[in-house]
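**Q** Here is a sequence together with a model predicted from it:
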Amino acid sequence: MTRPSRSGKPVALVTGPTSGIGDGFARRLASRGHDLVLVARDEDRLQALAAELKDRHGADSEVLVADLATADGRDATVERAAAGVDFLVNNAGFGTSGEFWSADPALLQSQLDVNVTAVVQLTRAALPSMVKAASGTIVNVASVAGLLSGRGSTYSASKAYVVSLTEGLSGGLAGTGVRIQALCPGFVRTEFHQRAGIEMSSIPSFMYLSVDQVVDASLADLDKGRVLSVPGLQYKALTTASRLIPRSLARRSASSVGSARGRT
Ligand SMILES: NC(=O)C1=CN([C@@H]2O[C@H](COP(=O)(O)OP(=O)(O)OC[C@H]3O[C@@H](n4cnc5c(N)ncnc54)[C@H](OP(=O)(O)O)[C@@H]3O)[C@@H](O)[C@H]2O)C=CC1
Ligand SMILES: CC(=O)[C@H](N)C(=O)O
């Protein structure tokens with residue numbers, strides 16, 4: 001344990017727990033005996049989640065209101081991660097609609113800072129105490145989009161960075177007692193697409209995963225020592241097939257799922 005909370009429990013820092021996959025991780029880790037550090041922008045939802053985790057699981061939560069698109073928000077979260085956490089879930093992230101060539105450059109920069117800069121900085125902050133304690137876990141939430149290029153540009157690129165960073169770190173962390181994982185879900189029913197304004201009506205229901213399926217797969221793969229976690233048989237098949245066919249065909253296939261237009 002790097003730095004137990006006042007209650008003596010291990011501490012999990014989750015970014016983006018006010019919705020979707022982050023909410024799923026926060027609830028599951030609380031149920032498994034962790035206290036929490038909850039990081040997002042929406043204070044009301046953070047406080048409500050903290051209260052529910054206390055009521056349901058007896059978990060204490062530190063609420064850290066922070067916008068990870070800003071240096072101040074990242075710095076405050078880095079400071080807490082550097083103080084010591086046992087489990088880090090770099091989950092916060094967002095997509096963008098429209099076309100790259102007409103997108104707001106500031107929004108694209110914010111996406112890069114939340115999806116990539118924050119992941120790098122928080123991973124760097126959390127690792128020293130984990131390595132010293134010879135224990136700890138980091139889950140970096142990437143995406144199938146980071147494995148299959150062709151649908152979107154900046155979002156897929158941001159997730160490909162997270163996959164590559166995580167796989168690269170896994171080699172150096174071998175034997176340290178610290179676990180690291182790139183979690184690559186496909187489509188999940190969360191607020192993601194509505195927030196991004198991405199049209200999803202063409203996506204069949206069998207292509208959707210639930211939050212619990214994603215969290216279950218991540219934790220099971222951690223226990224199996226798998227660095228890359230791809231929840232869902234449909235996505236395991238899709239990503240495996242994409243490695244076996246010409247990249248140009250994989251790209252066209254990815255673009256045909258939804259569209260190569262309408263998102264960055
Ligand atoms: N849904 C999907 O189909 C898939 C999603 N993913 C990835 O999963 C992760 C979680 O997404 P999901 O749960 O679906 O999306 P949601 O939109 O449901 O949740 C996003 C979370 O990220 C937080 N967040 C967004 N921007 C910021 C910011 N600037 N600063 C701090 N927190 C922020 C939000 O909190 P708040 O608004 O309170 O700040 C919210 O808690 C993302 O990294 C996403 O890319 C990967 C594959 C598939
Ligand atoms: C699968 C994702 O990461 C994303 N939600 C998308 O729509 O591509």
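**A** Arrived safely. Ligands and ions are numbered 1, 2, ... in the order given.

**Q** Residue in the protein with the shortest distance to ligand 2?
**A** Using C-beta to the nearest ligand atom, the single residue of the chain nearest to ligand 2 is Ser143, 3.3 Å away. All C-beta spots, glycine's among them, are computed from the backbone N, C-alpha and C.

**Q** List the residues that contact that residue.
**A** Shown in contact with Ser143 (C-beta atoms under 8 Å, 6 or more residues apart in numbering): 155-156, 159, 184-186.

**Q** Give me the neighbour count for the nearest residue to Ser19 once chain neighbours are set aside.
**A** Nearest-residue entry for Ser19: Glu191, 4.7 Å, with adjacent residues in sequence omitted and distances by C-beta to C-beta, 6 or more residues apart in numbering. Using other C-beta atoms under 10 Å, Glu191 is surrounded by 12 other residues.

**Q** I'd like to know how far Glu191 sits from Ile203.
**A** Plainly put, Glu191 is 16 Å away from Ile203 if you go by C-beta to C-beta, to the nearest Å.

**Q** Kindly report the same for Leu238.
**A** Leu238 sits 13 Å away from Ile203 when distances are taken as C-beta to C-beta.

**Q** of those two, who's got more company?
**A** Ranked by neighbour count (other C-beta under 10 Å), Leu238 and Ile203 place Leu238 first, with 20 against 15.

**Q** Can you give me every residue that contacts the more buried one?
**A** Residues in contact with Leu238 (C-beta under 8 Å, 6+ apart) are 144, 148, 186.

**Q** Lowest pLDDT pick from these?
**A** Sorting those by pLDDT puts Leu148 at the bottom of the list (90).

**Q** so it touches Leu249, yeah?
**A** No: taking contacts as C-beta atoms under 8 Å, Leu148 lies outside contact range of Leu249: 11.5 Å.

**Q** These two: who's more crowded?
**A** Using other C-beta under 10 Å as the criterion, Leu148 and Leu249 rank with Leu148 on top: 25 against 13.

**Q** Please give the element, helix or strand, for the more buried one.
**A** Leu148 is part of no helix or strand, with elements assigned from DSSP states H and E.

**Q** for it, phi and psi?
**A** Dihedral pair for Leu148: phi -120, psi 100, per degrees, to the nearest 10.

**Q** Tell me which residues touch it, please.
**A** Leu148 makes contact with 156, 238-239, 242, 250, 253-254, according to C-beta under 8 Å, 6+ apart.

**Q** Most neighbours among those, please name it.
**A** Going by other C-beta under 10 Å, Ser156 tops the contacts of Leu148 with 23 neighbours.

**Q** does that residue count as helix, strand or coil?
**A** Classification of Ser156 by DSSP: H, G, I helix; E, B strand; the rest coil places it in helix.
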